[in-house]
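**Student:** here is the input, now give the coordinates:
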Amino acid sequence: MLRGVNNTGVDPVGGFFAVDRRSWQKVCRLGMNEEVAYLVQARGTGRDNCTTTWSVEAIERYTGISRHKAAAAVKRLQCEGPSR
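**Tutor:** Next up is the predicted model:
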């Protein structure tokens with residue numbers, strides 16, 4: 001689903017990313033924490049847009065969502081997210 005460029009959080013290409021409209025609609029049904037987690041992880045994707053190196057730590061760092069809530073959001077995305 002999502003892939004990161006590197007572990008530093010810096011995208012050497014320029015920082016632009018996009019999400020698929022159909023996937024985003026599915027994520028929006030899950031809740032605000034899942035939406036935010038999805039966007040943070042999407043920001044860490046590479047060219048394949050399938051996996052990410054950005055983790056719960058990145059969600060916590062860039063959004064202020066607690067580690068526990070971020071982990072729960074990621075788990076829910078894995079279980080019920082757009083690829084399901």
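
**Student:** longest helix of the chain?
**Tutor:** Ordering each helix of the chain by length in residues (DSSP state H) puts helix 67-80 first.

**Student:** could you list every helix and strand in contact with it?
**Tutor:** With contacts taken as 3 or more CB pairs under 8 Å, 6 or more residues apart in numbering; DSSP states H and E, helix 67-80 sits against helix 32-43, helix 56-63. From N, CA and C alone the C-beta is placed, and that goes for glycine too.

**Student:** for Cys79, find the nearest of the ones you listed.
**Tutor:** Among those, the nearest to Cys79 by CB to CB is helix 32-43 (10.5 Å).

**Student:** packing partners of that closest one?
**Tutor:** helix 21-28, helix 56-63, helix 67-80.

**Student:** which of those helices sits closest to Ala37?
**Tutor:** helix 67-80 (4.0 Å).

**Student:** the closest one: which residues count as buried?
**Tutor:** Of all the residues in helix 67-80, those buried under the rule 16 or more other CB atoms under 10 Å are Lys69, Ala70, Ala71, Ala72, Ala73, Val74, Arg76, Leu77.

**Student:** dump the helices and strands packed on helix 32-43 to CSV, plus distance to Ala37 and mean pLDDT.
**Tutor:** What follows is the helices and strands packed on helix 32-43, written out as CSV (distance: least, CB to CB, whole Å; pLDDT from 0 to 100):
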stretch, distance to Ala37, mean pLDDT
helix 21-28, 9, 94
helix 56-63, 5, 94
helix 67-80, 4, 95
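
**Student:** quick one: the ones you listed as a markdown table, columns for distance to Gly46 too.
**Tutor:** Below are these laid out as a markdown table (distance: least, CB to CB, whole Å):
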| stretch | distance to Gly46 |
| --- | --- |
| helix 21-28 | 16 |
| helix 56-63 | 15 |
| helix 67-80 | 18 |
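
**Student:** about what we covered before: and among the helices and strands packed on helix 67-80, the most buried is which?
**Tutor:** Highest mean neighbour count among the helices and strands packed on helix 67-80 (mean count of other CB atoms under 10 Å): helix 32-43, with a mean of 21.

**Student:** picking up where we left off before, what's the closest of the helices and strands packed on helix 67-80 to Pro82?
**Tutor:** Distance to Pro82, taken as CB to CB, is lowest for helix 32-43 among the helices and strands packed on helix 67-80, at 7.9 Å.
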